[in-house]
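A.B. asks: sequence first, then the predicted structure:
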Amino acid sequence: TESGMYISFDDGTSWKPFQLNLPVVPVTDLAIKNDDLIVATQGRSFWVLDDLTPLHQLNDDIAKRDFWLFQPRPTYRLRGSVAEHPVNAGKNAPNGVLFRYTFKTQPDSNAVVLKILEQSGQLIKSYKPKAKEKRDRLPIKPGMNRFVWNMRYPDAEKFPKMILWGGGTAGPKAVPGTYEARLVVGKDSVTTSFEIRKDPRVSATLADLQAQFDFLISVRDKLSETHVAIKQIREIRKQVNEIIAKAKGKHGGTEIEKNGKALVDHITKIERALYQTKNQSRQDPLNFPIKLNNRLSALASVVSAGDFRPTAQAIAVRDELTAQIDAELAKLHDIVATELPAFNRLVHDSGVPAVVI
C-alpha cells in the first residue's frame with residue numbers, strides 16, 4: 001500500500017501490519033523467489049525478507065501450541081562465512097541450517113534442548129540455553145526464536161593451552177541428505193525433518209563427499225583419543241609430583257621419589273611424542289617442530305579445504321600417523337596397567353595417598 005505492507009491469514013477478510021523493520025513508505029511491487037519476499041519501495045530502495053516458509057506453515061493449531069519448531073527450508077552446504085555486522089552492505093542469510101521456533105511463555109532453561117539427529121535417529125549434537133560456548137547457546141525468549149546450526153559435527157576433544165599450527169579441532173560438515181531436529185521442552189517434544197543440499201557448483205558426487213566425511217570423522221576421533229590421553233598424562237604427572245612432595249622426608253620417601261620420577265619421565269616422553277610441549281604462543285611452532293597430533297590435525301585441514309574425495313596420498317599419511325599415535329597410546333596403556341599400579345602399591349605401603357585417575 002501507500003503506507004507500507006500488510007498480511008492476511010484468512011484469504012483477505014482481515015489484514016494486519018507486516019512492517020517489521022521496513023520503513024513507512026509506499027510499496028510499489030512484490031515478488032517471491034525461492035521463498036524469499038522482495039519488496040520494491042518508492043524512493044527507499046528494495047528490501048528482501050528471507051524465508052517465508054514459517055508463514056506458510058503457520059496455522060490455528062500451531063498458534064495454540066505452547067511451543068513449536070518450524071521445518072527449515074532446504075539449506076545449501078556452502079563454504080565461507082557471513083559478516084555479523086556489515087556497515088556498508090546488506091546482511092546475507094546465515095551460512096547454516098536456520099531453525100525457527102516459538103514459545104508461548106518463557107520456558108524453564110533447564111528443560112529445553114534442541115537435538116540434531118541423523119535420519120537413522122543417531123544424535124549428532126545437542127544445544128541448550130546454558131551451553132558453555134556462546135555459539136552453542138539456544139535462545140528461548142517468549143515468541144519467535146532462531147538458531148543456526150553450522151552443519152558441523154562435534155569438534156575433537158581439546159586440552160588447556162593447546163596450540164596447533166595449520167590445523168584445528170573443528171568437526172566435519174554434514175553430508176548432503178535428510179536430517180531431523182527435535183525441540184524438547186520437559187517431557188514434550190516437536191520433531192521435524194530438514195534437507196541439506198549439495199552446492200550446485202561442486203562437481204564431487206555424494207559418494208565423494210561421504211568418503212571425505214568418513215575420513216575427517218576418523219581423524220577427529222583419533223585426535224580426541226590423543227588429546228584425552230594427553231590430559232590423562234598431565235593428571236597423572238600432577239598427582240605423582242604431589243605425592244613425591246608429600247613423601248619427602250618420610251618412611252619410604254626416597255623409593256617413592258625414585259619410582260615416581262621414573263614414571264613421570266616415561267609418560268612425559270609419550271606426551272612429547274604426541275604434542276609439542278614447548279609451544280607457549282601462537283608463533284612457537286615456527287621454532288619447534290610440530291608433533292603427531294598437529295600433523296594429523298593439519299592433514300584434516302588440507303583434506304577439508306574443498307569438496308573432494310580424499311586422495312590416496314592423504315589416506316596413506318593418515319594411516320601412517322594413526323599407527324604412530326597408536327604406538328604411543330599403547331605405551332601409555334601399558335604404563336597405566338602395570339607401572340602405575342605398582343607405584344600406587346608402593347605409596348600405599350608407605351602410608352601416603354596414591355594416584356587416582
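C.D. replies: Now that the structure is in, tell me what you want to look at. Keep in mind that what you see is a predicted model, and the values were worked out from it rather than measured.

A.B. asks: would you mind writing the CA trace of stretch 317-335 as CSV?
C.D. replies: The C-alpha coordinates for stretch 317-335 follow below in CSV (Å, rounded to 0.1, in the frame of the first residue of the first chain):
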residue,chain,number,x,y,z
VAL,A,317,49.5,-40.2,5.6
ARG,A,318,46.6,-40.6,7.9
ASP,A,319,47.2,-44.3,8.3
GLU,A,320,50.9,-43.7,9.0
LEU,A,321,50.2,-41.0,11.6
THR,A,322,47.5,-43.1,13.2
ALA,A,323,49.9,-46.1,13.5
GLN,A,324,52.5,-43.9,15.2
ILE,A,325,49.9,-42.4,17.6
ASP,A,326,48.5,-45.8,18.4
ALA,A,327,52.0,-47.0,19.3
GLU,A,328,52.4,-44.2,21.8
LEU,A,329,48.9,-44.8,23.2
ALA,A,330,49.8,-48.5,23.7
LYS,A,331,52.8,-47.5,25.7
LEU,A,332,50.6,-45.3,27.9
HIS,A,333,48.1,-48.1,28.3
ASP,A,334,50.9,-50.4,29.5
ILE,A,335,52.1,-47.9,32.0
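
A.B. asks: which helix is the longest one in the chain?
C.D. replies: Of all the segments assigned as helix in the chain under DSSP state H, the longest by residue count is helix 206-247.

A.B. asks: mind listing residues that contact whatever helix or strand comes next after it?
C.D. replies: Moving toward the C-terminus from helix 206-247, the next helix or strand (DSSP states H and E) is helix 253-274. Helix 253-274 is touched from outside by 226, 229-230, 233-234, 236-237, 240-241, 243-244, 247-248, 277, 291-293, 324-325, 328, 331-332, 335, 339-340, 342-343, 346-347, 350, 352, with contacts defined as CB atoms under 8 Å, 6 or more residues apart in numbering. All C-beta spots, glycine's among them, are computed from the backbone N, C-alpha and C.

A.B. asks: mark which of those residues are buried, thanks.
C.D. replies: 226, 229-230, 233-234, 236-237, 240, 243-244, 247, 291-293, 324-325, 328, 332, 335, 340, 343, 346-347, 350, 352 (16 or more other CB atoms under 10 Å).

A.B. asks: from Ser350, how far out is the most far-flung residue of the chain relative to its centre?
C.D. replies: Here the chain reaches farthest from its C-alpha mean at His251, the gap being 50.6 Å by CA atoms, centre = their mean. Computed as CB to CB, to the nearest Å, the His251 to Ser350 distance reads 6 Å.

A.B. asks: between the longest helix of the chain and helix 253-274, how many degrees?
C.D. replies: Relative orientation of helix 206-247 versus helix 253-274 (axes from the mean of the first three to the mean of the last three CA atoms, to 10 degrees): 160 degrees.

A.B. asks: how many residues are close by Thr13?
C.D. replies: The number of residues packed near Thr13 is 7, by other CB atoms under 10 Å.

A.B. asks: hmm, who's touching the longest strand along the chain?
C.D. replies: For the chain, the strand with the greatest residue count under DSSP state E is strand 188-198. Contacts with strand 188-198, where a contact means CB under 8 Å, 6+ apart, come from 65-72, 74-77, 97, 101, 119, 151, 174-183, 204, 206, 209, 307.

A.B. asks: could you pull up the mean pLDDT of it?
C.D. replies: Mean pLDDT, strand 188-198: 98.

A.B. asks: that strand pairs with which strands?
C.D. replies: Using DSSP bridges, the strands paired with strand 188-198 are strand 75-77 (parallel), strand 177-185 (antiparallel).

A.B. asks: now those as a markdown table including mean neighbour count, mean pLDDT and distance to Leu20?
C.D. replies: Listed next are the strands paired with strand 188-198 as a markdown table, based on neighbours: other CB atoms under 10 Å; pLDDT from 0 to 100; distance: least, CB to CB, whole Å:
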| stretch | mean neighbour count | mean pLDDT | distance to Leu20 |
| --- | --- | --- | --- |
| strand 75-77 | 19 | 95 | 22 |
| strand 177-185 | 19 | 98 | 24 |
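
A.B. asks: would you list these in CSV and tack on distance to Ile256?
C.D. replies: Conversion of the strands paired with strand 188-198 to CSV gives the following (distance: least, CB to CB, whole Å):
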stretch, distance to Ile256
strand 75-77, 57
strand 177-185, 51
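
A.B. asks: would you mark the buried spots in stretch 23-37?
C.D. replies: Val25, Val27, Leu37.

A.B. asks: ends of that stretch, what's the gap?
C.D. replies: With CA to CA, to the nearest Å applied, stretch 23-37 spans 16 Å between its terminal residues.

A.B. asks: for this protein, what spans make up the strands?
C.D. replies: Along the chain, counting by DSSP E, strands occupy 6-7, 16-17, 27-33, 36-41, 46-49, 67-69, 75-77, 97-103, 112-118, 123-127, 143-149, 177-185, 188-198.

A.B. asks: and the gap between the residue nearest to Glu339 when sequence neighbours are not counted and Ala342?
C.D. replies: Distances taken as CB to CB, 6 or more residues apart in numbering place Leu263 nearest to Glu339, at 5.8 Å, with adjacent residues excluded. As judged by CB to CB, Leu263 and Ala342 stand 9 Å apart.

A.B. asks: likewise for Ala181?
C.D. replies: 51 Å.

A.B. asks: mind listing what the residue most central in space within the chain touches?
C.D. replies: Of all residues in the chain, the one closest to the mean position by CA atoms, centre = their mean is Pro154, 4.0 Å from it. With contact set as CB under 8 Å, 6+ apart, Pro154 has these partners: Ile124, Lys125, Gly171.
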